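Novice: any chance you could fold what I've pasted below:
(chains A, B, C and D)
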Number of protein chains: 2
Amino acid sequence: MTSTDDRLARRQVDKFSERRRQLADAALQTLATQGYARTSLRDIAKDSGFSVGVLHYYFRDKVELITDCVRRYKAACVERYDAIAAHATDPETLLRDAGDGLAATLEQDALLHRLWYDLRAQSLYEESFRLDVADIDASLERMIWRIVTAYAGLVGVEPRCTPGLAYAAFDGLFGQALLRHLSGDADALDDLRAGTRVLLERLV
Amino acid sequence: MTSTDDRLARRQVDKFSERRRQLADAALQTLATQGYARTSLRDIAKDSGFSVGVLHYYFRDKVELITDCVRRYKAACVERYDAIAAHATDPETLLRDAGDGLAATLEQDALLHRLWYDLRAQSLYEESFRLDVADIDASLERMIWRIVTAYAGLVGVEPRCTPGLAYAAFDGLFGQALLRHLSGDADALDDLRAGTRVLLERLV
DNA sequence: GAGGTTCTTGGACGAGCGTCAAGAATTCCT
DNA sequence: AGGAATTCTTGACGCTCGTCCAAGAACCTC
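Specialist: Numbers count the residues shown, from 1 in each chain, chains lettered A, B, ... in the order given. Okay, here's the model as predicted:
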């Protein structure tokens, strides 16, 4: 009989991956507040309430832990951005919803987005992150493209730019807004909304 | 007589700041190839041909050295980007020159630009860099705005966007192009040229 | 060339890092 | 209940880091 073994194995796997998830979430939290370069395993352990050794029990090394964090960040990203999906039935509403959506996630998850720009910059130096980062970039590009095509559809035209250009422009806009928001610029969110509107109108 | 003292002081100051320049340049080189988080004083010393102690003779601590490097990077940036100044007398030529200029500096100074994105991300965590980074950002924004207004002038209209939005969009475009270029994407430079053209046409 | 200033070296220091292993503590199954 | 399997703690390891200092080299002035 393998059914008992299976059940056993499954239960153990579940517990194992549940603890992994727990630790990775704590690590993601620590990474977001301290940044990649300034986060040590001891910091993560302290924040998670476990000891340092347990991190090496559930993750082979630091790279595997961080990579797992990045993947979890990606999942959070996709989920978060899908909420900005364009449900609007007229162009004006979509323009407003898109700007509000970007501004809302910028404000609520500022530290996670900061971590994203940090990790993307690090991926230019550390080969090991590059694939996951490219994966996240691609999903963000699709998210932007959904908004662009939705707006174009409501206006009744075809987009006049590539998905890559649209994402690049919005990414730059978002990055600058994040920089200013974290520096205490009170106009950052409103400028992001206004910029979103202008970019959408001009790019389609 | 103070003339001798003055001469002496000046000569020593000159030697002192000359050595500082030499060390900071070496440090900038090392930073560009290894990234901020992975560059130690020993790496810089090795690359410069001096010992570690001499770095502390000319710079109070690591922060002062890195800050000096960032300032020198800024000077190089301004000089470099001024070369993309718009001399064109017709819109079409300017569109081509701007795209070529951005693509050229991306290709020639890819590692320095990579360092820029690294340092800008780090400035979101380390307060000490933030002012210098904001300074560089502002000068880059002015550079982009010169191109935008020059194009608008040749077309005979007023720009229909803010300097901040224009810079954000171009910065995003440039950043994505750098990411792809460093990842070995052969189309990155051409896409940057094409994207520059589209952005300029749409934003004015 | 002596004497004083400036420059440079090389190594020591303590702290923090990732990693790891031995064993204690806990959980699980029969 | 008790033995087996697991989960977790503790502490040590070798290493690199920024910083600092004593000593000597190089240089300049008289």
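Novice: quick check: residues of chain A near DNA strand C?
Specialist: The interface of chain A toward DNA strand C, taken as CB under 7 Å from any atom of the strand, is made up of A:4, A:8, A:11, A:15, A:39-43, A:52-53, A:55-56, A:60-63. Glycine gets a C-beta too; all of them are placed from N, C-alpha and C.
Novice: 6 Å instead?
Specialist: Counting by CB under 6 Å from any atom of the strand, the residues of chain A close to DNA strand C are A:8, A:11, A:40, A:41, A:42, A:52, A:53, A:56, A:61, A:62.
Novice: and which of those residues is nearest to DNA strand D?
Specialist: Closest approach to DNA strand D among those (CB to the nearest atom of the strand): residue A:53, at 2.7 Å.
Novice: for that closest one, what are its contacts?
Specialist: By CB atoms under 8 Å, 6 or more residues apart in numbering or on different chains, the contact list for residue A:53 is empty.
Novice: quick check: which element contains it?
Specialist: Taking DSSP states H and E as the criterion, residue A:53 maps to helix A:52-58.
Novice: is that helix in proximity to DNA strand D?
Specialist: Yes: Helix A:52-58 lies within reach of DNA strand D by CB under 6 Å from any atom of the strand, at A:52, A:53, A:54, A:57.
Novice: so the first one sits right up against residue A:40, yeah?
Specialist: Read it as residue A:52. No: taking contacts as CB atoms under 8 Å, residue A:52 lies outside contact range of residue A:40: 9.1 Å.
Novice: where does the closest residue to residue A:74 other than its chain neighbours sit, in terms of helix or strand?
Specialist: Distance criterion CB to CB, 6 or more residues apart in numbering or on different chains; nearest residue to residue A:74, sequence neighbours excluded, is residue A:136 at 4.6 Å. Assigned by DSSP H and E, residue A:136 belongs to helix A:127-155.
Novice: also residue A:88?
Specialist: Here residue A:88, judged by DSSP H and E, is contained in no helix and no strand.
Novice: same question, residue A:175
Specialist: Residue A:175 belongs to helix A:163-182 when assigned by DSSP H and E.
Novice: and the pLDDT for the residue positioned nearest the centre of chain A?
Specialist: What sits nearest the mean C-alpha location of chain A, by CA atoms, centre = their mean, is residue A:77, with 3.5 Å. As predicted, residue A:77 sits at a pLDDT of 75.
Novice: then residue A:10?
Specialist: So residue A:10 comes in at 50 (pLDDT).
Novice: same thing with the one 10 residues further on?
Specialist: Reading off the confidence values, residue A:20 has pLDDT 92.
Novice: go on, the one 10 residues further on?
Specialist: With respect to pLDDT, residue A:30 has a value of 95.
Novice: surely it touches residue A:44?
Specialist: Yes: counting by CB under 8 Å, residue A:30 touches residue A:44, with 4.9 Å between them.
Novice: compare the two (neighbour count), which wins?
Specialist: residue A:44 (25 against 21; other CB atoms under 10 Å in any protein chain shown).
Novice: quick one: contacts for that one?
Specialist: By CB under 8 Å, 6+ apart, the contact list for residue A:44 reads A:23, A:26, A:27, A:30, A:31, A:55, A:65.
Novice: how about those residues, which pair is most distant?
Specialist: Using CB to CB, those reach their maximum pairwise distance at A:31 and A:55, which is 13.2 Å.
Novice: the two: which has the busier surroundings?
Specialist: Set residue A:31 next to residue A:55 and count neighbours by other CB under 10 Å: residue A:31 wins out with 27 against 22.
Novice: and the residue of chain A found nearest chain B, how many neighbours?
Specialist: Residue of chain A nearest chain B, by CB to the nearest CB: residue A:172 (2.1 Å). Residue A:172 is flanked by 25 other residues according to other CB under 10 Å.
Novice: hang on, it packs against residue B:171?
Specialist: Yes: contact criterion CB under 8 Å: residue A:172 and residue B:171 qualify, at 4.4 Å.
Novice: what's the domain layout of chain A?
Specialist: Per automatic domain parsing, the structural domains of chain A span A:1-59, A:66-203.
Novice: buried deepest among those, which one?
Specialist: For the domains of chain A, the largest average neighbour count (mean count of other CB atoms under 10 Å in any protein chain shown) is found in domain A:66-203, namely a mean of 18.
Novice: what's the spacing between it and its chain's center?
Specialist: 9 Å (CA atoms, centre = their mean, to the nearest Å).
Novice: could you list every helix and strand in contact with the helix holding residue A:136?
Specialist: helix A:62-82, helix A:91-108, helix A:110-123, helix A:163-182, helix A:188-203 (3 or more CB pairs under 8 Å, 6 or more residues apart in numbering or on different chains; DSSP states H and E).
Novice: so where's chain A shaky on pLDDT?
Specialist: Within chain A, the ranges that satisfy pLDDT under 70 run A:1-13, A:85-86.
Novice: at 80 instead, please
Specialist: Along chain A, segments meeting pLDDT under 80 span A:1-14, A:74, A:77-86.
Novice: which element is residue A:125 on?
Specialist: Following DSSP H and E, one finds residue A:125 outside all helices and strands.
Novice: what sits against the residue nearest to it when sequence neighbours are not counted?
Specialist: Using CB to CB, 6+ apart and skipping residues adjacent in sequence, the residue nearest residue A:125 is residue B:35, 4.1 Å away. Residues in contact with residue B:35 (CB under 8 Å, 6+ apart) are A:122, A:124, A:125, B:114, B:115, B:118.
Novice: tell me how far residue B:35 lies from residue A:172.
Specialist: Residue B:35 is 21 Å from residue A:172, where distance means CB to CB, to the nearest Å.
Novice: try residue A:41
Specialist: With distances taken as CB to CB, residue A:41 is found 34 Å from residue A:172.
Novice: ditto for residue A:112
Specialist: Computed with CB to CB, the distance linking residue A:112 and residue A:172 is 19 Å.
Novice: before we move on, back to that, common neighbours of residue A:52 and residue A:40, please.
Specialist: With CB under 8 Å, 6+ apart applied, the contact sets of residue A:52 and residue A:40 do not overlap.
Novice: residue A:120 contacts residue A:137, doesn't it?
Specialist: Yes: with contact defined as CB under 8 Å, residue A:120 counts as touching residue A:137 (7.5 Å).
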